[in-house]
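In: Just need the structure, nothing else, for what follows:
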Amino acid sequence: MPKQLIAIPYELREAFQRGLTHYKIIFLSAGTGWGKTAAVNKLLEKQNPAYLSLRKKPLPSYFSKERLIVLDDFHELPPQAAEQFQEILRKSQRGQHFVLISRAPLPGYLSLYEATGALLQLDCGHLALDMIGQLHVKKSFLTPSGISLDFGISDHVRELIEIQRAIARIADQVYVLADSSKFEAYAPLQICGLDRRYEYLTDPELPEEIFELYRKEAVSLEK
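Out: Residues are numbered from 1 along each chain as shown. Predicted coordinates:
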């Protein structure tokens, strides 16, 4: 019987390899059906990791000689075992790495590891980006939180920034939909610059001076 072919998104592969080099813990989270376990198994197939599904077996008291440990179904870890897992991390050897696969967000008690640079968090965005790159889209729509001449198109939601960029790149035509309050406003995360190839649509309340300013900059803006 032929082996099943598993496509690993480039973004996930690059992030995963960086994680194994620079981080103690990789935390991969996505919903059911995203192929988390299959992707991790493929990425680690030549590294012979110790694998444990917490849905099938309880967490052991320690890992002694294993260099790389994969804990699947991490969302199944009962709350009373959280302290036990933290103790495993504290006693883990130098060069020992953990890959945690979960359907749930990062538990609060692991946030400190992320804040101190010991944990890399990956999510469904890393699983989706290459899949998006294989599509063809005639029209795509951006609905940003801010548009400005100097900072471009911006938003607040970190998890969606790369996905919005990827969809805009594959579209024949991009439409930017924003009400008048979003113009010359800023959000902290830039999606892209003010691309003159895009069509910008807003409401009639946009002040005339702002409308003329954008038209002078050769921006296709309609209200």
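In: Pass me the low-pLDDT residue ranges in this structure, would you?
Out: Applying pLDDT under 70 to the chain flags the ranges 1-10, 124-131, 133-134, 159.
In: got the residue ranges for the helices in this structure?
Out: For the chain, applying DSSP state H gives helices covering 10-22, 36-43, 82-91, 111-115, 124-133, 158-170, 208-216.
In: so which of these gets nearest residue 180?
Out: Ranking the helices of the chain by proximity to residue 180 (C-beta to C-beta) places helix 208-216 first, at 8.0 Å. Heads up, the C-betas are built off the backbone N, CA and C, glycines and all.
In: Next, the buried residues of that closest one.
Out: For helix 208-216, burial by neighbour count (16 or more other C-beta atoms under 10 Å) applies to 210-211, 214.
In: quick one: contacts for residue 132?
Out: 163, 166-167, 170 (C-beta atoms under 8 Å, 6 or more residues apart in numbering).
In: so how far is residue 35 from it?
Out: To residue 35, residue 132 is 15 Å away according to C-beta to C-beta, to the nearest Å.
In: what's around residue 221, how many residues?
Out: A total of 21 residues lie near residue 221 under the criterion other C-beta atoms under 10 Å.
In: I figured it hits residue 210, correct?
Out: No. The criterion here is C-beta atoms under 8 Å, and residue 221 misses it with residue 210 at 9.1 Å.
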